[in-house]
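**Student:** only geometry, no sequence info:
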């Protein structure tokens, strides 16, 4: 609202200056007309009026400049007030955040997270080792091969033919183990 009033006052002053300028032009024409008609006394009176009018125009222009300066100061003060309010709001928000975030509690939470993460890593290693032990078929295969060889020898079946099949199976098992890891 104050801004609207300032603009109205400045517009009024500018309109008044324009009206006085038109009056100045009119007086100049009248002075010239009086001088051409030989009316020196009338020209002198009109010239005095012209001097006063120009003084009035100067004063109004000064007032207009002064009003514009005041307007700029008011605008600057309003901007400063807005910034101060924003800074105050930001300070309140930061204070509220700081009161909810307690450094000791955050540190304790981080330490607990770190412990649980280490525990999870150890459990993962134990499970991995257990799976490797369960899937470790190298020793089991050797033992199985020896037993099959003994049984076949007792029966009299050609071990070379059996071994050929066992070698192919071993190759497949090696490939499978490679794929699993």
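**Tutor:** Here it is on my side, so go on. Remember, predicted model here, so these are calculated numbers, not experimental data. Numbering: from 1, shown residues only.

**Student:** give me the helices and strands touching the lengthiest helix in the chain, please.
**Tutor:** If you go by DSSP state H, the chain has its longest helix at helix 40-100. Other elements packing on helix 40-100 under the criterion 3 or more Cβ pairs under 8 Å, 6 or more residues apart in numbering; DSSP states H and E are helix 2-36. Every C-beta, even on glycine, is put in place using the N, C-alpha and C of the backbone.

**Student:** now the helix it packs on against helix 40-100, angle please.
**Tutor:** Helix 2-36 runs at 170 degrees relative to helix 40-100, counting by axes from the mean of the first three to the mean of the last three Cα atoms, to 10 degrees.

**Student:** packing partners of helix 2-36?
**Tutor:** Applying 3+ Cβ pairs under 8 Å, 6+ apart, we find helix 2-36 packed against helix 40-100.

**Student:** off-centre distance for whichever helix or strand comes after the helix it packs on?
**Tutor:** Note on helix 40-100: by DSSP states H and E, the next helix or strand toward the C-terminus is helix 103-135. From the chain centre to the centre of helix 103-135 is a distance of 36 Å (Cα atoms, centre = their mean, to the nearest Å).

**Student:** got it, and stretch 87-103?
**Tutor:** The chain centroid and the centroid of stretch 87-103 are separated by 19 Å, computed with Cα atoms, centre = their mean.

**Student:** repeat that for stretch 77-94.
**Tutor:** Between the mean C-alpha location of stretch 77-94 and the chain-wide mean there is a distance of 19 Å, by Cα atoms, centre = their mean.

**Student:** ditto for stretch 66-81
**Tutor:** The chain centre lies 31 Å from the centre of stretch 66-81; the measure is Cα atoms, centre = their mean.
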